[in-house]
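Undergrad: sharing a model prediction with you, sequence too.
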Amino acid sequence: MQPEPAFRAAGPADVPAVVALVESAYRGEASRAGWTTEADLLDGQRTDEAGVAEVVARPGSVVLLAEAEGDLLACCHLERRSAAAYFGMFSVRPAMQGGGIGRAVLERAERHAREEWGIDRMEMTVIEQRADLIAWYERRGYVRTGEYEPFPYGDERFGVPLRPDLRFERLVKAL
């Protein structure tokens, strides 16, 4: 049984731990311990300290941390936008994936958008080729919009693509 997480907003001192968690959940061999790996789609980094520090400090933005017994288990980034809250950088420690912590983080993020910001819609973008992840979000009430954004090919801050057809699809949920 996994521990019940405690939630808090990240501060500047948390940036290195957040980067390490995000990288472990999506890139390299360590990420293959979980089901959210993008190692077959992308190489290189998923994020870096400068990018995480920027979203931690940005007004209208919060990085939520889920911790238990002093260990960082999961995180996500929420950004307040005009019509919706944007959900991203969602990461769960690979060995703990599939145990409900991700669901708890998503529910907490939705509650934050609704109760703290008064926003009634959440949106995100997911790499279209991540059918298993999109299905997971659909089971939690997210709807595929058929709206796409190009992958930032050539910008290695977001990784090195291993295939030429990557793009993001927008998913939305009324809160």
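TA: Noted; the coordinates are in hand. For clarity, every value in this text was computed on a predicted model and none was experimentally measured. Residues are numbered from 1 along each chain as shown.
Undergrad: low pLDDT regions in this structure?
TA: Low-confidence segments of the chain, defined by pLDDT under 70: 1-3.
Undergrad: so what does the residue positioned nearest the centre of the chain have for phi and psi?
TA: Centroid-nearest residue in the chain, with CA atoms, centre = their mean: residue 90, separated by 1.7 Å. Torsion angles at residue 90 (phi, psi; degrees, to the nearest 10) stand at phi -80, psi 120.
Undergrad: let me see the contact set for it.
TA: 74, 75, 76, 77, 102, 105, 106 (CB atoms under 8 Å, 6 or more residues apart in numbering). (Glycine included, C-beta is placed from N, CA and C.)
Undergrad: state the distance from it to residue 109.
TA: Residue 90 is 8 Å from residue 109, where distance means CB to CB, to the nearest Å.
Undergrad: just checking, residue 96 touches residue 73?
TA: Yes. Here residue 96 reaches residue 73: they are 5.8 Å apart, a contact under CB atoms under 8 Å.
Undergrad: more neighbours, the two?
TA: Taking other CB atoms under 10 Å, residue 96 and residue 73 do not tie; residue 73 has more neighbours (24 against 21).
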